[in-house]
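[1] based on what follows, work out the 3D shape:
(chains A and B)
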2 protein chains.
Amino acid sequence: MSMEQVSANLAFGGVQGVYKHASAATGTDMTFSVYVPLHADGAKLPVVWYLSGLTCTHANVTEKGEFRRACAELGLIFVAPDTSPRGEGVPDDAAAAYDFGLGAGFYVDATQPPFDRHYRMWSYVTEELPALIAGNFPADMSRQSIMGHSMGGHGALTIALRHPDRFKAVSAFSPIVAPGQVPWGEKALAGYLGDDRSAWRRHDAVALIEDGARVPGLLVDQGTADQFLEQQLRPELLKAACEAAAIPLTLNMREGYDHSYYFISTFMADHLRWHAGRLGAGTR
Amino acid sequence: MSMEQVSANLAFGGVQGVYKHASAATGTDMTFSVYVPLHADGAKLPVVWYLSGLTCTHANVTEKGEFRRACAELGLIFVAPDTSPRGEGVPDDAAAAYDFGLGAGFYVDATQPPFDRHYRMWSYVTEELPALIAGNFPADMSRQSIMGHSMGGHGALTIALRHPDRFKAVSAFSPIVAPGQVPWGEKALAGYLGDDRSAWRRHDAVALIEDGARVPGLLVDQGTADQFLEQQLRPELLKAACEAAAIPLTLNMREGYDHSYYFISTFMADHLRWHAGRLGAGTR
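    Numbering: from 1, shown residues only, chains lettered A, B, ... in the order given. As a prediction, the model looks like this:
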């Protein structure tokens, strides 16, 4: 698998790179970013995956996430994929809405035409891109964790719940925790997976927990001034599911914070330290 | 003087705001950003001015500068103005080049038509906007400092050199130190101020120092991989001028760093700590 370096900038002693490759999973070119801290020759570093929210590309967190200082201190590789396939022939939402189609892949493999051809973000993020990372970066793939924001929080939670042996930690900012019960999720899962709601449960964190999936613990930060809190995010559903399943959940309700990267950047270092502790990484 | 709040987001415990007002200096609407850390009721905080480089608006540093954590810790207000007037009737470079006109005001009051009507960034940044900040934010205007990047480094250096009683500290990332001797500066100063080079000296940090202007000290960070280093920035000219004038200059040549915000964000906290020390601010 080959990839092309789009850019590389020194930052906090490491390299913030942006890369492009022809994806077999999506049938399109895909762009992603990777931050690799300064490290000893031959060293392999743990990998933190960051999945972005609706409307985002790799660029939003790369520019606004303020993760590099902590990743440099803790020795963490930080990988940020795109949120959907893009390019000629990739179908979008019929009305070009922001919450379906381009920028809104929802981390599923679509089964419904015309989306089933390119919208295969689950396979891309869980299989193809990890292989590319393992082959091209100094990544210790035995030490991976995953986090995300909003739609990407949904992605991180569902991927971690379905890969309990792969990810040593999972956390989220303002995640969609129960897509089967909220408008964003209902639109996306119906559009990509069809109307049979039983097929949605494998892409719904709360449903996965109800159906027996487990992780050793969860960290979630949620702003109380988030405009999407009550209708789309509903962290109380995750709290109830975790309590019923005895999954330790740290749910930090952050007074006055909203849904933006101003919120994410404020608590990013806290999340990375939490991941580092579970990845056996630490201040060097 | 009235202003309108465009946005306000909680970040690192403080408020990152963006504001718009009708500027008398430029005869246009002007947009700027201000970060105000959490502070006690009635407290007044020192103010750090940040002047941006070519092509930028207030938004670049606001999104990518990674200054909020340090400002919150140190109790510093951070003000980021735009780099030129904008809007209907504001003339641009004849060829719409990036290095003159819109996004390239060079922090001077233009004397040459058609630019003399709106391009009055010197008056805007040194008089009008400070009065607006003093009147609308919890700012201790007896404790101000200034910094900038590239063209904004030029602005910060020249403004500090000409206001030695106002600014307690000045620093720059990759500044244009001698616009009268480099292509960017020659184009801009000729275009805004005319061909008489004697009028340029008051907008040229090296010339100002040669002509007797003084600051108590200077901090400059410069990447060695900066594509503009040799032709446009030439920190060796500032070094020679400071040596001849006995101005203490800390010039950090940063191996492998470029001209981008990846470089700026890496060393932003160092600069803010340096400012805080001279502003009598500190970790609370």
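[2] burial count for residue A:142?
    12 (other CB atoms under 10 Å in any protein chain shown). Every residue, glycine included, has its C-beta placed from N, CA and C.
[3] what helix or strand is it on?
    Secondary structure from DSSP states H and E places residue A:142 in strand A:139-149.
[4] who touches that strand?
    The contact list for strand A:139-149 (CB atoms under 8 Å, 6 or more residues apart in numbering or on different chains) reads A:44-53, A:56, A:61, A:77, A:130, A:133-134, A:153-157, A:159-160, A:166-175, A:264, A:271, A:275, A:278-281.
[5] for chain A, what spans make up the helices?
    Taking DSSP state H, the helices of chain A run over residues A:58-64, A:68-74, A:121-123, A:129-136, A:151-162, A:183-193, A:205-210, A:235-245, A:261-279.
[6] may I see the ones you listed arranged in CSV, with distance to residue B:191 and mean pLDDT as well?
    As requested, the helices of chain A are arranged in CSV below (distance: least, CB to CB, whole Å; pLDDT from 0 to 100):
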stretch, distance to residue B:191, mean pLDDT
helix A:58-64, 31, 98
helix A:68-74, 38, 98
helix A:121-123, 49, 98
helix A:129-136, 47, 98
helix A:151-162, 46, 98
helix A:183-193, 50, 98
helix A:205-210, 58, 98
helix A:235-245, 55, 98
helix A:261-279, 37, 98
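[7] those: which one's closest to residue B:84?
    helix A:58-64 (22.4 Å; CB to CB).
[8] what does chain A put close to chain B?
    For chain A, the residues in contact with chain B under the definition CB under 8 Å from any CB of the partner chain are A:9-13, A:16, A:63-64, A:66, A:68-69, A:223, A:225, A:256-258, A:260-263, A:265-266, A:269.
[9] what pairs with the residue nearest to the spatial centre of chain A across the strands?
    Centroid-nearest residue in chain A: residue A:51, 2.1 Å away (criterion: CA atoms, centre = their mean). Per DSSP bridges, residues listed as beta-bridge partners of residue A:51: residue A:148.
[10] what's the spacing between it and chain B?
    For residue A:51, the distance to chain B under the criterion CB to the nearest CB, to the nearest Å works out to 20 Å.
[11] pretty sure that residue contacts residue A:155?
    Yes: checked against CB atoms under 8 Å, the pair residue A:51 and residue A:155 is within contact range at 4.0 Å.
[12] anything in contact with each of those two?
    Between them, residue A:51 and residue A:155 share the neighbouring residues A:107, A:125, A:148, with contact defined by CB under 8 Å, 6+ apart.
[13] ok, the first one to chain B distance?
    Taken as CB to the nearest CB, the spacing of residue A:107 relative to chain B amounts to 25 Å.
[14] try the second one
    Here the distance between residue A:125 and chain B works out to 25 Å (CB to the nearest CB).
[15] that residue: what's it in contact with?
    The contact partners of residue A:125, by CB under 8 Å, 6+ apart, come to A:49, A:51, A:81, A:107, A:155, A:159.
[16] what's the closest of the residues you listed to residue B:236?
    For residue B:236, the nearest member of those is residue A:81. The distance, counting by CB to CB, is 43.1 Å.
[17] nearest to residue B:238, of the shared contacts of residue A:51 and residue A:155?
    If you rank these by distance to residue B:238 using CB to CB, residue A:148 comes first, at 44.9 Å.
[18] now do the closest one, the pLDDT please.
    Per-residue confidence for residue A:148 comes out at a pLDDT of 98.
[19] then residue A:80?
    With respect to pLDDT, residue A:80 scores 98.
[20] hang on, it packs against residue A:33?
    Yes: between residue A:80 and residue A:33 there is a contact under CB under 8 Å: 4.6 Å.
[21] higher neighbour count, these two?
    Comparing residue A:80 with residue A:33 by neighbour count (other CB under 10 Å), the higher total belongs to residue A:80, at 27 against 23.
[22] okay, and the common contacts of residue A:80 and residue A:33?
    When CB under 8 Å, 6+ apart defines a contact, the residues bordering residue A:80 and residue A:33 alike are A:58, A:61-62.
[23] make a markdown table out of these and add neighbour count.
    Formatted as a markdown table, the shared contacts of residue A:80 and residue A:33 follow (neighbours: other CB atoms under 10 Å in any protein chain shown):
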| residue | neighbour count |
| --- | --- |
| A:58 | 22 |
| A:61 | 26 |
| A:62 | 27 |
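[24] pick out whichever of the residues you listed sits closest to residue B:193.
    For the shared contacts of residue A:80 and residue A:33, the nearest to residue B:193 is residue A:62 (39.0 Å; CB to CB).
[25] verify the stated contact: that closest one with residue A:18.
    Yes: checked against CB under 8 Å, the pair residue A:62 and residue A:18 is within contact range at 7.2 Å.
[26] tell me, what's touching those two both at once?
    Any residue near both residue A:62 and residue A:18 by CB under 8 Å, 6+ apart counts here, and that gives residue A:33.
[27] on that earlier part again, pull out the buried positions in the strand holding residue A:142.
    With burial defined by 16 or more other CB atoms under 10 Å in any protein chain shown, the residues of strand A:139-149 counted as buried are A:139-140, A:143-149.
[28] check stretch A:31-48 too.
    Across stretch A:31-48, burial judged by 16+ other CB under 10 Å covers A:31-37, A:39, A:44-48.
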